[in-house]
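J.: Please find the sequence and the predicted model below.
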Amino acid sequence: MNNVIPLGRPPSGLSEHGSRSARVSTSAGTSSSSPSGSLSMTEVSIDISDPGPDPLPSGSNETEAINLQYIHGNTRLRLILQEWESKLRDSQDIILRKQTLSLNVKNEIYHLIGFFSVFQGVVLTTVSQASLLSCHNWWGPFALSLLASLTTLVGVCHKFWNFISWKRAAEEEIANAKVLKSQIDNLKLLGKRFTFAKHAPDVEPKQDEEKTCSNWLCAVNSYYYYIALLVVVSMLGFSAIILISCRKILCDSGSTA
């Protein structure tokens, strides 16, 4: 008959936490032919050592605190961190100011187009209801409408040019702020592992201003150029309709006196 020795409970002095190892014994499952007639025992070693607490994740508050302590103890890193943070604040102020200017210019464009539409509507209404105007003096309202159209178009084109300039400047400053923010975050995250050559390389300024325009930035500028072109063409078409209508109302209504 096979004798089985059950696994015993771990010693009472063994705590749940900390480094632990236990050695327990169990029977071989069959009788052994040892001279003493006793059963042969097989020792089984079970490693239940506690692996300890998990390592801190990268970017944790404690890691950042340790890196900041190292940075403030390093004069070079402390000074460059202060310089980058100062530049980032200045860049954010510039972004806000340029975005405000572009928004103001856009509102001025809306006002110009609104006044232009109202004025052209007043001219057309006056021509259609005036009894003293005839085909002989059609050029009066025509010239007035044409002058208003040309003046408004020049003003709208100028405003659109300012709007695109401010918008582009704001987008370029946003890209610059993202680079500064990335460098600051890398410095705080890496601490003593931070290297300027890898994490904050120097960027050579490009001589050609057009080459500084990245693909997405050029796409944004092209988008605004297309919008400006569409608005100008629409205003030209509207002006042409008003001018032709003034001529037709006065000369094709039968009043040629």
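T.: Yep, that arrived. Numbering: from 1, shown residues only.
J.: where do the helices sit along this protein?
T.: Assigned by DSSP state H, the helices in the chain fall at 61-73, 75-129, 139-190, 196-199, 215-251.
J.: could I get these as CSV with mean neighbour count and mean pLDDT?
T.: Just so you know, the C-beta spots here come from the backbone N, C-alpha and C atoms, and that holds for glycine as well. Below are the helices of the chain laid out as CSV (neighbours: other CB atoms under 10 Å; pLDDT from 0 to 100):
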stretch, mean neighbour count, mean pLDDT
helix 61-73, 14, 85
helix 75-129, 15, 92
helix 139-190, 17, 90
helix 196-199, 11, 80
helix 215-251, 14, 81
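J.: and L68, what is it in contact with?
T.: 188, 191 (CB atoms under 8 Å, 6 or more residues apart in numbering).
J.: I'd like the distance between it and L81.
T.: To L81, L68 is 9 Å away according to CB to CB, to the nearest Å.
J.: list residues touching both of these two?
T.: Counting by CB under 8 Å, 6+ apart, the common neighbours of L68 and L81 are K188.
J.: check contacts around the residue lying closest to I242 once chain neighbours are set aside.
T.: The shortest distance from I242 to any non-neighbouring residue, by CB to CB, 6 or more residues apart in numbering, is to Q120 (4.7 Å). With contact taken as CB under 8 Å, 6+ apart, Q120 is in contact with 145, 148-149, 238-239, 242.
J.: what two of these have the greatest distance between them?
T.: Farthest apart among the contacts of Q120 by CB to CB are A148 and F238. That separation is 11.3 Å.
J.: Can you give the domain ranges for this protein?
T.: Domain assignment for the chain, taken from automatic domain parsing, gives 1-30+38-48, 63-251.
J.: right, and K87 touches V179 too?
T.: No - contact criterion CB atoms under 8 Å: K87 and V179 do not qualify, at 9.9 Å.
J.: Which residues are in contact with G155?
T.: Each residue near G155 by CB under 8 Å, 6+ apart is listed here: L112.
J.: now the one 5 residues further on
T.: Contacts for F160 were tallied using CB under 8 Å, 6+ apart; they are 109, 224, 228, 231-232.
J.: mind giving me CSV with those and columns for distance to V156?
T.: Converted to CSV, these look like this (distance: CB to CB, whole Å):
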residue, distance to V156
I109, 6
Y224, 13
A228, 8
V231, 7
V232, 7
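J.: okay, among those, which ones form the most distant pair?
T.: Pairwise over the contacts of F160, using CB to CB, the maximum falls at Y224 and V232, 12.6 Å.
J.: Next, work out how far apart L124 and V118 are.
T.: From L124 to V118 the distance is 11 Å (CB to CB).
J.: Out of the contacts of F160, flag the one nearest to L96.
T.: Looking across these and measuring by CB to CB, the closest to L96 is Y224, at 19.6 Å.
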